[in-house]
Structures are given as C-alpha cells and as structure tokens.
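In: coords please:
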Amino acid sequence: MNKSKQKNKKQEEDKSNPVVQNSLEDNLGYLEQLKLFCLHFYKKVNKLENNSKSLTLFQNCEKVIDQLQTNFKEIFFQLSQNKTKRLRILADFENYKNHLQKEKENDFKYANQHLITNLLPILDNFHRALSYQNPTKEVKNFLTGFKMVINHFENVLKENGIEEIKTKINDNFNHDIHEGIEVIETKKYKPNKIVKIIQKGYFLNKRVIRPVKVALAKDIENNNNNKKIKETNKNG
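Out: Model (predicted):
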C-alpha cells in the first residue's frame with residue numbers, strides 16, 4: 001500500500017516538473033518556436049514602425065533564447081551525469097548487498113566447521129574399531145551394534161553437509177584434495193599414483209576441511225639409477 005502511494009506521488013511530482021516531463025529535444029524545440037515567433041513579431045512591427053528599437057528588441061530576445069538553449073543543454077548534461085552516477089552507486093550498493101548476503105550464507109554453512117573437524121578423529125577411531133582382526137563371537141556381536149551406531153553418526157554428519165572425499169588406490173594425486181605424507185617404492189604403480197590411503201578426507205558443503213592423507217608410489221628403477229650415478233660420481 002505504501003509503495004503504491006509513493007509511486008503515485010512520484011508520478012505527480014514528475015508531471016509538475018517540466019525538466020522531468022519534457023525531453024531536451026522538446027524544450028529546445030519550444031525555444032526554437034519562440035525564436036521564430038519573435039522573428040515573425042519583429043517583421044510585423046518593423047513594417048509598421050521601421051525603426052531600430054524593434055531590431056534591438058528582437059536581438060535581445062534572440063540572445064536570451066540562445067542563452068536559455070545553452071542553459072538547457074548544460075542542465076540536461078548534468079542530469080544525465082547525475083543519473084549515471086546514481087545508477088553506478090545503486091549498482092555498487094547492490095553488489096555490496098549481494099556480498100554481505102553471500103558472507104552471511106557462508107557463515108551459516110560453515111558455522112559448525114570447528115566442531116565437526118574435532119569430531120572427525122572420533123569417527124576415525126570408530127572405523128579402526130571395525131577393522132578389528134579375528135574377533136570372537138562376543139566381539140562380533142558387539143561390532144554389529146557398534147556399526148549401527150557409526151552409521152547413525154555418519155548420517156547425522158551427512159545431514160550437516162559432511163561428505164567423504166572418494167579416493168581409490170591407483171588414483172592420480174590431486175593437491176586440492178590429497179595430502180601426500182609417505183612415499184613407497186614399487187614397480188606395481190606408476191610414480192605419484194596413490195598406493196595407500198592412510199586417513200580419510202572430508203568435504204563440508206563442498207569445501208575441503210580435511211584432505212585425504214595418502215602414500216604415493218615411487219619408481220624403484222629410477223631410484224636405483226640415481227644411486228648408481230651418485231656412486232659413480234663418488235668413485236670418479
């Protein structure tokens with residue numbers, strides 16, 4: 001209701017404002033018509049009286065009209081400049097609002113990052129418990145119930161934006177999601193291929209909060225060749 005009243009008020013103000021109501025071309029056109037009218041009036045008066053006063057009067061009118069045209073052009077130029085500045089300010093303000101909104105959304109999305117990061121080692125220990133070797137019957141029964149607890153815990157984390165970073169053996173190393181903490185010499189895999197997953201990594205709403213800790217393959221033959229070169233250099 002208030003917006004409608006403001007809109008009607010703005011329209012009334014625009015109608016009462018000749019600068020807003022008429023374009024630059026319209027106003028300049030009116031002044032040209034006025035100049036022609038003055039010229040027509042001068043010719044008629046000059047025919048009747050034929051003196052210099054009417055000429056002077058016409059010249060003065062012409063000067064005033066020319067000055068008005070110049071003033072109108074300057075006014076409209078300033079209006080266009082002000083409009084451009086106003087639009088730029090509005091655009092900057094809109095960008096600032098969007099930036100604040102994005103920051104607010106990010107703060108909300110990652111508000112629990114510190115807490116969740118501290119919970120991940122607990123999840124690691126749960127998974128280690130499940131990898132218990134040669135469990136007895138009683139331990140197996142316990143692990144079955146324990147696995148249900150872990151699944152529930154993982155579902156809660158998932159509902160809060162946590163997602164495991166999927167990584168497999170023989171994947172290429174990716175600096176964005178992997179952290180290489182060990183090198184293993186092997187002929188089975190190409191250099192810099194992942195040969196062992198040491199610790200799982202996780203996303204929080206698509207942001208890496210803990211990279212996957214991995215071991216990378218190292219070429220044995222190249223390593224042996226490097227050793228031979230060093231020994232040759234020493235002997236030489």
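In: quick one: least confident helix or strand in this structure?
Out: Evaluated with mean pLDDT, DSSP states H and E, the helix-and-strand set of the chain has its lowest mean pLDDT in helix 18-21, which scores a mean of 45.
In: residues near the closest residue to residue 207 other than its chain neighbours, how many?
Out: Sequence neighbours aside, residue 110 is the residue nearest to residue 207 in space, at 6.9 Å (criterion: Cβ to Cβ, 6 or more residues apart in numbering). In this view, the C-beta of every residue, glycine as well, is placed from N, C-alpha and C. For residue 110, the neighbour count with other Cβ atoms under 10 Å is 15.
In: wait, what's in contact with residue 110?
Out: For residue 110, the contacting residues are 204-205, 207, taking Cβ atoms under 8 Å, 6 or more residues apart in numbering as the criterion.
In: top of those residues by number of neighbours, please.
Out: Highest count within the contacts of residue 110 by other Cβ under 10 Å belongs to residue 204, 19 neighbours.
In: give me the pLDDT for residue 90.
Out: According to the per-residue confidence, residue 90 scores 85 in pLDDT.
In: try the one 10 residues further on
Out: As predicted, residue 100 sits at a pLDDT of 86.
In: rewinding a little: phi, psi of the residue nearest to residue 207?
Out: Note on residue 110: backbone dihedrals following degrees, to the nearest 10 are phi -110, psi 20.
In: about what we covered before: nearest to residue 151 among the contacts of residue 110?
Out: Comparing those against residue 151 with Cβ to Cβ picks out residue 204 as the nearest, at 19.6 Å.
In: if we can go back for a sec, out of the contacts of residue 110, who's nearest residue 133?
Out: Distance to residue 133 across the contacts of residue 110 (Cβ to Cβ) is lowest for residue 204, with 32.4 Å.
In: so what secondary structure elements neighbour the top helix by length along the chain?
Out: Criterion DSSP state H: the longest helix present in the chain is helix 52-109. Helix 52-109 is packed against helix 18-21, helix 24-49, with contacts defined by 3 or more Cβ pairs under 8 Å, 6 or more residues apart in numbering; DSSP states H and E.
In: select from these the stretch with the lowest mean pLDDT.
Out: Taking the mean pLDDT of the helices and strands packed on helix 52-109, helix 18-21 comes last: a mean of 45.
In: now do the same contact list for the residue nearest in space to the middle of the chain.
Out: Here the mean C-alpha position of the chain is nearest to the C-alpha of residue 99 (Cα atoms, centre = their mean), at a distance of 7.3 Å. Going by Cβ under 8 Å, 6+ apart, residue 99 touches no other residue.
In: how close does it sit to residue 210?
Out: Between residue 99 and residue 210 the computed distance is 28 Å (Cβ to Cβ, to the nearest Å).
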